[in-house]
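S.K.: Sequence isn't available, so here's the structure alone:
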């Protein structure tokens, strides 16, 4: 990701992208998982955040509040090998990749075992 200031910022951008995608697909009930406990705790907190990415945090909180069928939960990395593999691929690659019906080859085995 370009113009990302920290790992928290990167995770928040990924969560925002995922939630925006759910909205675009008109999905009304979804569990969003993240293995970044600080991001999950921050987004589920009722308190305002004053960190450098507070605007992004507020945007995600508002989206989650508007879509009451969405919930955000912490899931340790070990419980979701697909997400871990996608994160590593995204970190190591400059390729923008989206798919709707067919998963990329590099995660098919992880999907089968997840």
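M.R.: Everything's here; your move. Nothing here was measured: the structure is a model prediction, and the numbers come from that model. Numbering: from 1, shown residues only.
S.K.: Distance check, the residue minimising distance to the centre of the chain against residue 68.
M.R.: In the chain, the centroid-proximal residue (C-alpha atoms, centre = their mean) is residue 15; its distance is 2.7 Å. For residue 15, the distance to residue 68 (C-beta to C-beta, to the nearest Å) stands at 17 Å. The C-beta positions use only the backbone N, C-alpha and C, and glycine is treated the same way.
S.K.: Could you check which helix or strand contains the residue nearest to the centre of the chain?
M.R.: According to DSSP states H and E, residue 15 maps onto helix 7-24.
S.K.: Parallel or antiparallel, list what pairs with the helix or strand following that helix.
M.R.: Next along the chain after helix 7-24, taking DSSP H and E as the criterion, comes strand 30-34. Strand 30-34 has the following strand partners under DSSP bridges: strand 70-74 (parallel).
S.K.: quick one, the partner strand and helix 7-24 angle?
M.R.: Strand 70-74 runs at 150 degrees relative to helix 7-24, counting by axes from the mean of the first three to the mean of the last three C-alpha atoms, to 10 degrees.
S.K.: Any buried residues in the helix holding residue 15, and which?
M.R.: 8, 9, 10, 11, 12, 13, 14, 15, 16, 18, 19, 22 (16 or more other C-beta atoms under 10 Å).
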